[in-house]
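**Q** With the sequence up front, the predicted model follows.
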Number of protein chains: 2
Amino acid sequence: MRALVFQNGRIEFTPAWPDPIPPKNDVLVAVELVGICATDLEIVRGYMSFTGVMGHECVGRVIKGPQDLIGRRVVGEINCVCGKCAMCQSGLSNHCLDRQVVGLFKHDGVFADYVTMPRRNVHLVPDVISNEEAIFVEPLAAAFQIVKQVALDQRQKIIVVGDGKLGLLIIQVLALKVPKNKVVLLGKHPEKLTFCEKRGLQTSLLDDFLIKPEWDIVVDCTGTADGFTTACNLVRPRGKLILKTTRVHDKPIDMSPLVVNEITLIGSRCGPFPDAINALAAKQVVTNGLITASFPLEEGDKAFAKAAEPNQIKVVLTVKK
Amino acid sequence: MRALVFQNGRIEFTPAWPDPIPPKNDVLVAVELVGICATDLEIVRGYMSFTGVMGHECVGRVIKGPQDLIGRRVVGEINCVCGKCAMCQSGLSNHCLDRQVVGLFKHDGVFADYVTMPRRNVHLVPDVISNEEAIFVEPLAAAFQIVKQVALDQRQKIIVVGDGKLGLLIIQVLALKVPKNKVVLLGKHPEKLTFCEKRGLQTSLLDDFLIKPEWDIVVDCTGTADGFTTACNLVRPRGKLILKTTRVHDKPIDMSPLVVNEITLIGSRCGPFPDAINALAAKQVVTNGLITASFPLEEGDKAFAKAAEPNQIKVVLTVKK
């Protein structure tokens, strides 16, 4: 099969990578459309020391597996878990101590004609959700994880720092849970903030914004040291800071506001696929306009270069027309 | 009066600094013994841009104030608060939005013959507590803050990273709340770990210890980027990391374990003085042997140089014999 492989420190389009053979209890998916995530860009910088087929955001059709799934359109969770360890047994299977992670750790990814994944990872995509929407299920689930981890009430003031793809999903999810006038997206890119403003969501350019420690809940999805510092300085004493991005910070950080203001920082990773699928099906979360570039799988290197440009939001790869 | 003043970027012993004049509702304290804290060393590096009389750990006697306090031995809380702001009104007066902090922010400190502080800040020291013990009340209160912020149960495994003065107090406080075999102090200094071992507390040298993410609660009181990284890598998925030190980190940090393992980091600052005083009075927490050097106030510069040596624990200044 065709595959986009990270090996020898670079991304290589490989026309004849071995087809995956699904183990027992796995399904084989013919991939249709995939998305490039910030974590994929980190992989190229050496994150997780990963080698193999890249990618974890996809939509495709089941071609091998249980009869009721054959031919159905699906998305897949990324954590392939043991079901037996202390974490799995305590209901925290996303933290399985023996896990593989699709396209990130010990498991080939989705930037290929086919991918195999455990049956339990697979979720059906309703017809009302297009492929172009479905590739947002995985990051949208990560956005929903915030509201699983943090209790929200109607009086809290919330600010999201970072107007990348994840920030644009998170602000929409939060606005489902609290009044729209209680949540603000802070960013650097006017064209990305416009996406929110069209939907009646509050935004501000960082340069126009007074940084004061008066926000009850702050979400950092910038992935930069400066963004993290901004986020720390926005949280009120005893407030909460949600950290969403795994990028290694590029310079020293003054963490003293966390201590002086006794802030609670909550690391937040993968989230519930059903919530994301339901929100997309109900059109509660909108992704129209978030795909800013599309390339065929063969042009993966061009797609990655594009995805690294600051004005891009989501760059996708078309695997099957 | 005599005072140790931070000005012009250096510590200066000043033989004729103006005596403080207590405002209404303040008491005037004749200082007897003071301790040098890691934060004082940070002040010298520019932390908080503080200038004025340094120091916040002290014991002394009231010489002006309410009649019932005159001549009594006291210690003082460091946050001088307004009592009116949103934080004060919500019971979080240590986070007063209009606060001064003794020896740290907009308020002269205790490295002097006299200090003035609000009546509400002052706590009586029982006779069973010596001056040499009383100067530990402030940092010991900060150690007790951990058990105010984090619910502990008897099954949790806890590890304290950093065998400085704060670590040696924190391990003792934690061992009051959970079984001794559930809490470990991880350090670099055999002579400091010996202090704990004599008291039946578990310790390990960092070099001999296998760093695995399997601890329910980790306390970082190292104040270094390497220490913070070690602490992050010890917390189990969904575990808690308590951050106690305000030192600015000296190099970039990989914060991805916080996100990948969905760790909750809790910043922790000042704590309850009564709990600290009660524990010292009951000899539940021992400080004998923690004072490793003593200087007269006039030799403040020598005392600070000593306090910066890695083998030191607590360095004190004698103000009144």
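**A** Perfect, thanks for sending it. Just so it is clear, the structure is predicted and the values come from calculations on it, not from any experiment. Numbers count the residues shown, from 1 in each chain, chains lettered A, B, ... in the order given.
**Q** in chain A, which spans are helices?
**A** For chain A, applying DSSP state H gives helices covering A:38-44, A:86-89, A:131-134, A:137-149, A:165-177, A:190-197, A:225-232, A:256-260, A:273-281, A:300-307.
**Q** The first one packs against which elements?
**A** It stands for helix A:38-44. Contacting helix A:38-44 under the criterion 3 or more CB pairs under 8 Å, 6 or more residues apart in numbering or on different chains; DSSP states H and E are the following elements: helix A:300-307. For the C-beta atoms, the positions are set from N, CA and C on the backbone; glycine is no exception.
**Q** Buried residues, stretch A:90-107. List them.
**A** Within stretch A:90-107, the residues scored as buried using 16 or more other CB atoms under 10 Å in any protein chain shown are A:92-97, A:99-105, A:107.
**Q** ugh, typo on my part, it should be stretch A:283-300
**A** In terms of neighbour count (16+ other CB under 10 Å), stretch A:283-300 has its buried residues at A:285-287, A:290-293, A:295, A:297, A:299-300.
**Q** Pull the most distant pair out of these.
**A** A:Val285 and A:Glu299 (28.8 Å; CB to CB).
**Q** before we move on, the earlier item: compile the buried residues of stretch A:283-300 into a markdown table and extend it with columns for distance to chain B and pLDDT.
**A** Converted to a markdown table, the buried residues of stretch A:283-300 look like this (distance: CB to the nearest CB, whole Å; pLDDT from 0 to 100):
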| residue | distance to chain B | pLDDT |
| --- | --- | --- |
| A:Val285 | 22 | 98 |
| A:Val286 | 26 | 96 |
| A:Thr287 | 23 | 97 |
| A:Leu290 | 22 | 96 |
| A:Ile291 | 25 | 97 |
| A:Thr292 | 25 | 96 |
| A:Ala293 | 27 | 97 |
| A:Phe295 | 28 | 98 |
| A:Leu297 | 28 | 98 |
| A:Glu299 | 29 | 97 |
| A:Gly300 | 24 | 96 |
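**Q** now those in a markdown table, with distance to A:Pro272?
**A** What follows is the buried residues of stretch A:283-300, written out as a markdown table (distance: CB to CB, whole Å):
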| residue | distance to A:Pro272 |
| --- | --- |
| A:Val285 | 13 |
| A:Val286 | 19 |
| A:Thr287 | 18 |
| A:Leu290 | 20 |
| A:Ile291 | 23 |
| A:Thr292 | 27 |
| A:Ala293 | 29 |
| A:Phe295 | 30 |
| A:Leu297 | 29 |
| A:Glu299 | 33 |
| A:Gly300 | 30 |
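**Q** Run a quick neighbour tally on the closest residue to chain B within the stretch 101-250 of chain A.
**A** Closest residue of the stretch 101-250 of chain A to chain B, CB to the nearest CB: A:Pro237 (3.5 Å). Applying other CB atoms under 10 Å in any protein chain shown, we find 21 other residues in the vicinity of A:Pro237.
**Q** How about A:Arg61?
**A** 17.
**Q** before we move on, what about A:Arg73?
**A** Counted by other CB under 10 Å, the residues lying close to A:Arg73 total 17.
**Q** Now for the nearest residue to it once chain neighbours are set aside, how many residues are close by?
**A** Nearest residue to A:Arg73, sequence neighbours excluded (CB to CB, 6 or more residues apart in numbering or on different chains): A:Val125, at 4.5 Å. Using other CB under 10 Å as the criterion, A:Val125 is surrounded by 22 other residues.
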